[in-house]
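1. only geometry, no sequence info:
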């Protein structure tokens, strides 16, 4: 990309769609990470005429400072913990277990709100395209990838994101079969720095996009 930024999440989704179209994915499903990732993924789902669904990984914050991530978790109980041993030693196993339970309950609440239930359709053995609007640390993304592998047993996993830092790109490339990431900057501070418009996405917008995608595939 010449200007090194996207106009907004819709623009980023169209850029991803162009790259993914060339792969001729037929038996596939798109799994987005809310909330922003759903806006980006909706463009890809429409362009490729593939079903759109979501996965909700959640950060596990340290008890002494919720902003400090000690790991991440998904609804099936997949937990990824930080490699920082000093940080982990400052938290008891009981505290981690409690936080995992709290976050799983929150994930299930959001799944019900966004899509009406917590069960996934039978999408075993398909090509799964995992989409977010960008990746910063890769913590929650990695948990999402691991969970999808367990739940859906995909034939192939493709991580498609508009932007990710080089180090995270290299790390996550070991967890999936392929990564589509048009922008891999060496200097990275935050995902929003690579968008001219990076507004908050509402729950209502997520619900509407998922509903619209399901309706389109049924028609």
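-> That came through fine. Because the structure is a prediction, the values reported are computed rather than measured.
2. every contact and neighbour count from this point should use C-alpha atoms.
-> Fine.
3. give me the residues contacting the longest strand belonging to the chain.
-> Counting by DSSP state E, the longest strand found in the chain is strand 65-73. Applying CA atoms under 8 Å, 6 or more residues apart in numbering, the external contacts of strand 65-73 come out as 57-62, 79-82, 87-88, 100, 103-104, 139-140, 143.
4. go through it and flag the buried ones.
-> Going by neighbour count (16 or more other CA atoms under 10 Å), the buried part of strand 65-73 is 69, 70, 71, 72, 73.
5. got a pLDDT number for the residue nearest the centre of the chain?
-> In the chain, the C-alpha nearest the mean C-alpha coordinate belongs to residue 33, at 3.3 Å (CA atoms, centre = their mean). Reading off the confidence values, residue 33 has pLDDT 97.
6. that one reaches residue 55, doesn't it?
-> Yes - the pair residue 33 / residue 55 is scored as a contact, 5.5 Å apart, by CA atoms under 8 Å.
7. pop the domain breakdown of the chain in here.
-> 9-56+121-218, 58-114 (automatic domain parsing).
8. most tightly packed of these?
-> Neighbour counts (mean count of other CA atoms under 10 Å) averaged over each of the domains of the chain peak at domain 9-56+121-218, with a mean of 19.
9. which one's the longest helix in this protein?
-> helix 93-115 (DSSP state H).
10. give me the contacts around that one.
-> Identification of contacts with helix 93-115 by CA under 8 Å, 6+ apart yields 56-61, 63, 73-77, 79, 117-118, 203, 206-207, 210.
11. OK, contacts around residue 125?
-> 152, 153, 154, 155, 156.
12. how about residue 63?
-> 91, 95.
13. just the contacts of helix 93-115: which are in helices?
-> Members of the contacts of helix 93-115 lying in helices (criterion: DSSP H): 203, 206, 207, 210.
14. between these, which sits nearest residue 163?
-> Using CA to CA, residue 206 comes nearest to residue 163 of these, at 20.7 Å.
15. could you measure from that closest one over to residue 12?
-> 17 Å (CA to CA, to the nearest Å).
16. then residue 113?
-> Relative to residue 12, residue 113 is positioned 26 Å away (CA to CA).
17. over to residue 26?
-> Residue 26 is 22 Å from residue 12, by CA to CA.
18. just residue 82 next, same as before
-> Separation of residue 82 from residue 12 (CA to CA): 29 Å.
19. for this protein, give me the ranges with low pLDDT.
-> 1-3, 218-219 (pLDDT under 70).
20. now the helices for the chain?
-> Going by DSSP H, the chain shows helices at 9-21, 36-48, 85-89, 93-115, 139-152, 166-172, 203-218.
21. for the shortest one, the distance to its chain's centre please.
-> Put plainly, it is helix 85-89. Taking CA atoms, centre = their mean, to the nearest Å, one finds helix 85-89 lying 26 Å from the centre of the chain it belongs to.
22. ok, residues contacting it?
-> 70, 82.
23. switch to numbering from 14
-> In the new numbering, first residue 14, that becomes helix 98-102.
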